[in-house]
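**Student:** Structure here, sequence nowhere to be found:
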């Protein structure tokens, strides 16, 4: 299906992911407004937007080509809203936006966590809310430079014809996107892989360097095994996205280096700059999304009278790190010790 020519896009919560998506849409000539914090507006006024990725993509939009605002009312005429907020801000931001949106506006949640679409549907009952999933990592570098260091395709909840229109628009902007009929499963599957986010943040090193060390991989595998056990016991089936298979991840991570590198290279591409969004949050002194990633596993376990000691300890360590300035830089040995592994 071709994208609708009358699509007017608003990015609600333009940070790393929002600016990366928005820059592609703007470069393709699609009417797009970025709603973000004053820090973004200042950087855009001074530098415009620059986007790079692990394949060598590199383009720049001058300030005059980027519509960036801090005023939610500027999204009043948008008929497609892409939500890229941190999960903790979803409900409050949706309530601010609600008076300005026309009924039947399409809203897509491109956020971490598994419950954001539910929250948006509750707060915006007259809108067409679709769940979505962003597979890749984006880091915000100085000068409004947004770099994607990993591969993957955007996934949108299959709800014809809206989802087809959204995917067509994204693909027209150079953003690979597909529809899927089981977004809850996809989001739980992504959450399994996101359990590495805090490990990377606590290690304080690039993702590729972290994954090259068997000690860190063993920690990630332990968190994943615990989460997969809890999902199975509670009747939740995580679904693969692309070549990433949640149920096999702990096994692959536990392989000897030479086998792990060979198999992982065929599943996902990671460049040397890539880091987790949670590392970026600690680096910038912002609250993390730990409650919506590992914390989600802990809550699920507690609600079914199960235990999740590894993920619970990870949550505690990240909360302690939030009170400090930046990553604690734990070695694999030290982090394993603190997690009781």
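**Tutor:** The structure has been received and is ready for your questions. All values reported here derive from a predicted model rather than from experimental measurement.

**Student:** So what pairs up with residue 178 in the strands?
**Tutor:** Listed by DSSP bridges, the beta-bridge partners for residue 178 are residue 155.

**Student:** dump the residue contacts of the residue nearest to residue 77 when sequence neighbours are not counted.
**Tutor:** With C-beta to C-beta, 6 or more residues apart in numbering as the criterion, residue 77 has its nearest non-adjacent residue at 6.0 Å, and that residue is residue 8. All C-beta spots, glycine's among them, are computed from the backbone N, C-alpha and C. If a contact means C-beta atoms under 8 Å, 6 or more residues apart in numbering, then residue 8 has 31, 32, 77, 78, 79, 80 as its contacts.

**Student:** Now, these that are in strands?
**Tutor:** When the contacts of residue 8 are checked against strands using DSSP state E, the ones located there are 32, 80.

**Student:** List only buried entries from the contacts of residue 8.
**Tutor:** Of all the contacts of residue 8 considered here, the ones buried according to neighbour count by 16 or more other C-beta atoms under 10 Å are 31, 32, 78, 79, 80.

**Student:** which regions of the stretch 1-150 of the chain lie under the pLDDT threshold?
**Tutor:** For the stretch 1-150 of the chain, applying pLDDT under 70 flags the ranges 1-4.

**Student:** What segments of it are strands?
**Tutor:** 9-12, 32-35, 49-53, 58-61, 67-69, 80-83, 106-109, 128-133, 138-141, 145-148 (DSSP state E, counting those that start in this stretch).

**Student:** Kindly confirm whether my reading is correct that residue 321 touches residue 329.
**Tutor:** No. Taking C-beta atoms under 8 Å as the contact criterion, residue 321 and residue 329 are not neighbours in contact, 9.9 Å apart.

**Student:** give the contact list for the residue nearest the centre of the chain.
**Tutor:** With the centre of the chain defined as its mean C-alpha position, the nearest residue by C-alpha atoms, centre = their mean is residue 112, 4.5 Å away. When the contact criterion is C-beta under 8 Å, 6+ apart, the partners of residue 112 are 86, 87, 190, 191, 194, 277, 289, 292, 293.

**Student:** Run a quick neighbour tally on the fifth one.
**Tutor:** Taking other C-beta atoms under 10 Å as the criterion, the count of residues near residue 194 is 20.

**Student:** Is it in contact with residue 293, as I believe?
**Tutor:** Yes. Taking C-beta under 8 Å as the contact criterion, residue 194 and residue 293 are neighbours in contact, 5.0 Å apart.

**Student:** I'd like the contacts of residue 8 as CSV, with distance to residue 145 appended.
**Tutor:** As requested, the contacts of residue 8 are arranged in CSV below (distance: C-beta to C-beta, whole Å):
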residue, distance to residue 145
31, 23
32, 18
77, 29
78, 26
79, 30
80, 26
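
**Student:** Looking at the contacts of residue 8, which one is closest to residue 61?
**Tutor:** Distance from residue 61 was checked for each of the contacts of residue 8 by C-beta to C-beta. The minimum falls on residue 32, at 10.5 Å.

**Student:** Before I go, just wanted to say thanks for your time.
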